[in-house]
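Engineer: Pasting the sequence and the predicted coordinates here, then a few questions.
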Amino acid sequence: MLRPVFTEKLEFDAFPRPHFAYGIFFAALQAKALGYYRISVYEFGVGWGGGLLEMEKIAAMVTKETSVKVEVYGFDTGSGMPESVDYRDLPHVWKPGFFHLDAETLQKKLTTAKLVLGNVRETYLLTGYNF
Ligand SMILES: C[S@@+](CC[C@H](N)C(=O)[O-])C[C@H]1O[C@@H](n2cnc3c(N)ncnc32)[C@H](O)[C@@H]1O
C-alpha cells in the first residue's frame, strides 16, 4: 500500500501533534525561500519527552520533503518544574518537580535530537539567540 506523502498527512492533520508538523514544515519552507538549508527547532520544556520524540520524526520527514536540514533541541531542567517566581506561574496549580524528566531513559530513545539540561534561564544562551 502507498504511504501518504508528508503534505497529504499535514493537510489531514494526520500527525499526533499537527501543530508541530505544520510549524516545522513551514519554517523549513521559509528558510529555503531565504536561501538557508539548515534550521534548528527548539522545544522549551520537554516533560516526559513525547513532544521531542515527535519533533525528531517530523524533522526527518521535513528534511526529506524540503532538503532543509532540521536540527532538534529540547531544553529542560531535567528535574521537573522549577520553583515558581511569580503568581503568573500559577503556583496553586503547578508544583516544583512536576513533569520530572528521566533524562537517561529519554536520552536512550532519542536518535538525533539534543537534550540540553538546566534552567533555560541559563541554557538558552546555547541557542545562540538573545531572546
Ligand atoms: C508541561 S511539561 C512540557 C511538556 C512537553 N512540551 C510535551 O509536549 O510533552 C513542562 C516542562 O517545562 C520544564 N520547565 C519549566 N520551566 C523551565 C525552565 N525555566 N527551564 C527549563 N525547563 C523548564 C519542566 O521541567 C517540565 O518538564
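Structural biologist: Nice, I can see it.
Engineer: which other helices and strands contact the helix or strand hosting residue 32?
Structural biologist: Remark: residue 32 resides in helix 18-33, with elements defined by DSSP states H and E. Helices and strands touching helix 18-33, by 3 or more Cβ pairs under 8 Å, 6 or more residues apart in numbering; DSSP states H and E, are helix 6-11, strand 38-44, helix 50-66. C-beta coordinates here come from the backbone N, C-alpha and C atoms, glycine included.
Engineer: at 10 Å what do you get?
Structural biologist: For helix 18-33, the helices and strands in contact under the criterion 3 or more Cβ pairs under 10 Å, 6 or more residues apart in numbering; DSSP states H and E are helix 6-11, strand 38-44, helix 50-66, strand 69-76.
Engineer: How about that helix and the ligand, touching?
Structural biologist: No: Helix 18-33 does not reach the ligand (Cβ under 6 Å from any ligand atom); its nearest approach is 8.6 Å.
Engineer: Give the rounded mean pLDDT of that helix.
Structural biologist: For helix 18-33, the mean pLDDT works out to 98.
Engineer: sorry, back to before: what's the closest of the helices and strands packed on helix 18-33 to residue 110?
Structural biologist: Closest to residue 110 of the helices and strands packed on helix 18-33, according to Cβ to Cβ: helix 50-66, at 6.6 Å.
Engineer: Quick check: the gap between the nearest residue to residue 117 once chain neighbours are set aside and residue 121.
Structural biologist: Spatially, and ignoring its direct neighbours in sequence, residue 117 is nearest to residue 78 (3.9 Å; Cβ to Cβ, 6 or more residues apart in numbering). Distance, residue 78 to residue 121, using Cβ to Cβ, to the nearest Å: 14 Å.
Engineer: So those two - more neighbours on which side?
Structural biologist: A count of neighbours by other Cβ atoms under 10 Å puts residue 78 above the other of residue 78 and residue 121, at 17 against 10.
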